[in-house]
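K.L.:
Model the structure of this input:
(one chain, ligands or ions: 1)
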Amino acid sequence: MKIAYLGPRASFTDLAVRTAFPEEDKVPCVTIPDCIEAVIEEEADYAVVPLENALEGSVHITVDYLFHEANLSIVAELTSPIQQHLMVHPGHSEPESKVGKILSHSHALAQCHKFLHHQYRGTPLEQTTSTAAAAKYVSEHPEENLAAIGNELAAREYGLTIIHENIHDFAYNHTKFIVLHKQSDALTISRRKSAEKTTLMVTLPKDRSGALHQVLSTFAWRQLNLSKIESRPLKTGLGDYFFLIDVAHGMDEVLLPGAISEMEALGCEVKMIGTYASYLLEE
Ligand SMILES: O=C(O)C(=O)Cc1ccccc1
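P.N.:
Here you go, the predicted model:
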C-alpha cells in the first residue's frame, strides 16, 4: 500500500508516517493538496496530512480542501509530539555567524513566535511548504546565511547543525495528522489507540435564528460529547460558514444516525467525513 505524505523526507508528517506505517511505500508530496490529489488520482492509497496543532490550531488548507475539493474519508488520526529546533548549514554554525533569514512552515514559525521575537527580532521569516523543505533549502544554499526550523531528523537528513534546541514556546506541543482514503472503513494501526471519534461538516440553513443551538441540541440530548467545533468560511460571502464538528463517539446504529437525520430535518447539510480511531505516537 502506498502512502502520500507532506514531504520531503524528515518532515513531521514523515516522522508520523514512519512510526505508524513502518513497512509501507511512502510517496513524498510538496503540498497538502498534492497529497490529497495523489489519493484522488489513485497514485497513492492513503494520504497523511497535518490537521491541527496544539499551539497554532487548525491547518486551514486541510480542513478547507476536505470540505470544498475532496471526497475522501478520514480513516485514522495520529497524534505526535513536536519538538522544534533552529538549524543552520555547518559552515555557519559559529556563534558570531549572523542568521540572515529563517525559513519554515507557517505553523512551525508560529509555534516559535516568542523565541523568534526575543532572540531574532528583525530577522526576516519566510514560509516554506514544510519544515523539511526549509531544512533542505538551507542545506542546498550554503552561500546564503539561512536557518531553518524543524525536527532533529531533518537536521541529520540534510546535514545541518542545530544551534538552538526546543525553541517551541510551550512545552505541550502536539500535532494531529489525519489519514485519508477513498473508502470510509476505519484503518487499524498497531499503535496505542486513545479514542473513537466521528467528524462531520455541517452547513446551517440560511438565516434561521437558533439553527446552531438546534444543531448542538441534537448532540446534547443524546449525550454525544463534542470534542471540537470550529467554523470556516463557506467562501460564498462574508458571514457564510460551515462547521467542523468532532463527536467523541464512533458510529453506532442509533444515536449518531439519529442526530444526523435530525440535523437534516432542520435543513442542515451534513457531510460525514469519517468515523475512526485516534492513535498516540509517542517519542
Ligand atoms: O512541515 C512539516 O514538517 C509538517 O509535517 C507540517 C507540520 C508543521 C509544523 C508542525 C507539525 C507539522
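
K.L.:
got the residues of the stretch 51-200 of the chain near the ligand?
P.N.:
Residues of the stretch 51-200 of the chain found near the ligand (C-beta under 6 Å from any ligand atom) are 53, 82, 105, 107-108, 130-132, 175. C-beta: built from backbone N, CA, C; applies to glycine.

K.L.:
mind listing the strands for the stretch 1-150 of the chain?
P.N.:
Assigned by DSSP state E, counting those that start in this stretch, the strands in the stretch 1-150 of the chain fall at 2-6, 25-29, 46-53, 57-58, 73-81, 85-88, 101-104, 125-127, 146-150.

K.L.:
Correction: the previous question concerned the stretch 151-283 of the chain.
P.N.:
With DSSP E, counting those that start in this stretch as the criterion, the stretch 151-283 of the chain has strands spanning 161-164, 174-181, 192-203, 226-233, 241-247, 269-280.

K.L.:
and of those strands, who's closest to A44?
P.N.:
strand 174-181 (9.6 Å; C-beta to C-beta).

K.L.:
relative to strand 192-203, how tilted is the closest one?
P.N.:
Here the directions of strand 174-181 and strand 192-203 differ by 70 degrees (axes from the mean of the first three to the mean of the last three C-alpha atoms, to 10 degrees).

K.L.:
buried stuff in strand 174-181?
P.N.:
Residues 175-181 are the ones in strand 174-181 that count as buried (16 or more other C-beta atoms under 10 Å).

K.L.:
Equivalent analysis for stretch 208-226, please.
P.N.:
With burial defined by 16+ other C-beta under 10 Å, the residues of stretch 208-226 counted as buried are 211-212, 214-215, 218-219, 222, 224.

K.L.:
Could you export those residues as CSV, including distance to V30 and pLDDT?
P.N.:
Formatted as CSV, the buried residues of stretch 208-226 follow (distance: C-beta to C-beta, whole Å; pLDDT from 0 to 100):
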residue, distance to V30, pLDDT
A211, 39, 95
L212, 37, 96
Q214, 42, 97
V215, 37, 98
T218, 40, 98
F219, 38, 98
R222, 43, 97
L224, 38, 98
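
K.L.:
Render the CA-only coordinates of stretch 248-263 in PDB, please.
P.N.:
Only the C-alpha atoms of stretch 248-263 are listed here, as PDB (Å, rounded to 0.1, in the frame of the first residue of the first chain):
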ATOM      1  CA  ALA A 248     -16.300  11.800  20.800                       C
ATOM      2  CA  HIS A 249     -18.000   8.600  19.700                       C
ATOM      3  CA  GLY A 250     -17.700   6.100  16.900                       C
ATOM      4  CA  MET A 251     -20.600   5.400  14.500                       C
ATOM      5  CA  ASP A 252     -23.500   3.400  16.100                       C
ATOM      6  CA  GLU A 253     -26.900   2.200  15.000                       C
ATOM      7  CA  VAL A 254     -29.000   4.700  16.800                       C
ATOM      8  CA  LEU A 255     -27.500   7.900  18.300                       C
ATOM      9  CA  LEU A 256     -25.300   9.300  15.600                       C
ATOM     10  CA  PRO A 257     -27.600   8.400  12.700                       C
ATOM     11  CA  GLY A 258     -30.400  10.000  14.800                       C
ATOM     12  CA  ALA A 259     -28.500  13.200  15.300                       C
ATOM     13  CA  ILE A 260     -27.600  13.400  11.600                       C
ATOM     14  CA  SER A 261     -31.300  12.800  10.500                       C
ATOM     15  CA  GLU A 262     -32.500  15.400  12.900                       C
ATOM     16  CA  MET A 263     -29.900  18.000  11.600                       C
END
